[in-house]
Structure formats: structure tokens, C-alpha cells
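In: A predicted structure for the sequence below; I have some questions about it.
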Amino acid sequence: MEDCLFCKIAAGEIPSDCLYQDESVYAFKDIAPQAPVHFLVIPREHIDSAAAVSQGNSAVVAHIFEVIAKLAKDQDLEGFRVVSNVGESAGQTVRHLHFHVLSGRDMTWPPG
Ligand code: AMP
Ligand code: ZN
């Protein structure tokens, strides 16, 4: 999608600190980390948010969770949180589906 920051990052048009990539998924460090470990996992395909996941595009979401598990294992993460904000009121600032993976500090619940 034109003018989408994360489409451009996945395409290599905007630099990022890549942790993993394959034909359908791209993972990179968050530019403003909220925990000692904070990376994002996105589909290369543009999907607006988790609210736009459907039967036709959901396979990549399962794959994203495989990648999250692999990266967590590779980094020896003992515990971690996976977050996907949907819509402005929930804190979504980039309208391209992404999963935050946060680790390395104690987390509070419920989130603010
Ligand atoms: P959200 O606010 O849930 O939509 O998450 C968007 C995330 O993207 C935020 O945590 C930002 O810090 C992060 N972000 C924005 N621009 C970049 C960038 N160029 N490279 C890496 N992360 C970014
Ligand atoms: Zn996009």
C-alpha cells in the first residue's frame, strides 16, 4: 500500500533493525522501545489491523505467531507479552497490522 510506513519498512525502502524476514513476514526492533526487548512482527502484505483479519488473509497471522515463538526462543526470553493495538482509542498509530513483543521487565496488568 502506498504511503504506509510498515509496507515501506518490509520492502526495505525505509531502514530498520531487522531480526527476521521471510516471504510473508518481517520482524524488526521498535524505534521507541517500551521494554529492554521490544520488537514488531508484521505481515509483508498490507492489512490495516487485527480487525481486518479474515478467512482470506489469516494464514499469515498463524505464521507470525510461529515467528514470535522462534524469536523468543532464539533470544531466550523467559516471559514476554504480545500486543496488537486496534484503532486510535486502543493506541494504534500505524495502520498496518503489527504485533509488539515486549520482554525484559516485569509487566503490569491490566495494561493502561
Ligand atoms: P502502535 O502505536 O501500536 O501502532 O505501534 C506502532 C509502533 O511502531 C510504535 O511502538 C513505534 O515506536 C513504532 N515505530 C514507528 N516508526 C518506526 C520505525 N521507523 N521503525 C521502527 N518502529 C517504528
Ligand atoms: Zn502497509
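Out: That came through fine. Numbering: from 1, shown residues only. Ligands and ions are numbered 1, 2, ... in the order given.
In: from here on, just use CA atoms for contacts and neighbour counts.
Out: OK.
In: correct me, but Leu19 touches Val37?
Out: No - judged on Cα atoms under 8 Å, Leu19 makes no contact with Val37 at a distance of 11.9 Å.
In: who has more neighbours, the two?
Out: Higher neighbour count among Leu19 and Val37: Val37, with 16 against 13, using other Cα atoms under 10 Å.
In: run through the bridge partners of the closest residue to the more buried one other than its chain neighbours.
Out: Nearest residue to Val37, sequence neighbours excluded (Cα to Cα, 6 or more residues apart in numbering): Ser103, at 4.9 Å. Applying DSSP bridges to Ser103 gives these bridge partners: Val37, Phe80.
In: am I right that Ser103 is in contact with Phe39?
Out: No - in this structure, Ser103 is not within contact of Phe39 by Cα under 8 Å, at 9.3 Å.
In: so between the two, which is more surrounded?
Out: Neighbours were counted for Ser103 and for Phe39 using other Cα under 10 Å; Phe39 has more, 26 against 20.
In: in space, what's closest to that one - neighbours in sequence excluded?
Out: Nearest non-adjacent residue to Phe39 (Cα to Cα, 6+ apart): Lys29, at 4.1 Å.
In: surely the one you found and Pro15 touch.
Out: No - at 11.0 Å, Lys29 does not count as touching Pro15 under the criterion of Cα under 8 Å.
In: mutual contacts of those two, please.
Out: Among the neighbours of Lys29, none is also in contact with Pro15 (Cα atoms under 8 Å, 6 or more residues apart in numbering).
In: so between those two, which is more surrounded?
Out: More crowded of Lys29 and Pro15, by other Cα under 10 Å: Lys29, with 17 against 11.
In: contacts only, for the more buried one.
Out: 16-19, 38-40.
In: within range of ligand 2, give me the residues from the protein.
Out: With Cα under 5 Å from the ion as the criterion, the chain meets ligand 2 at residues 4, 7, 46, 96.
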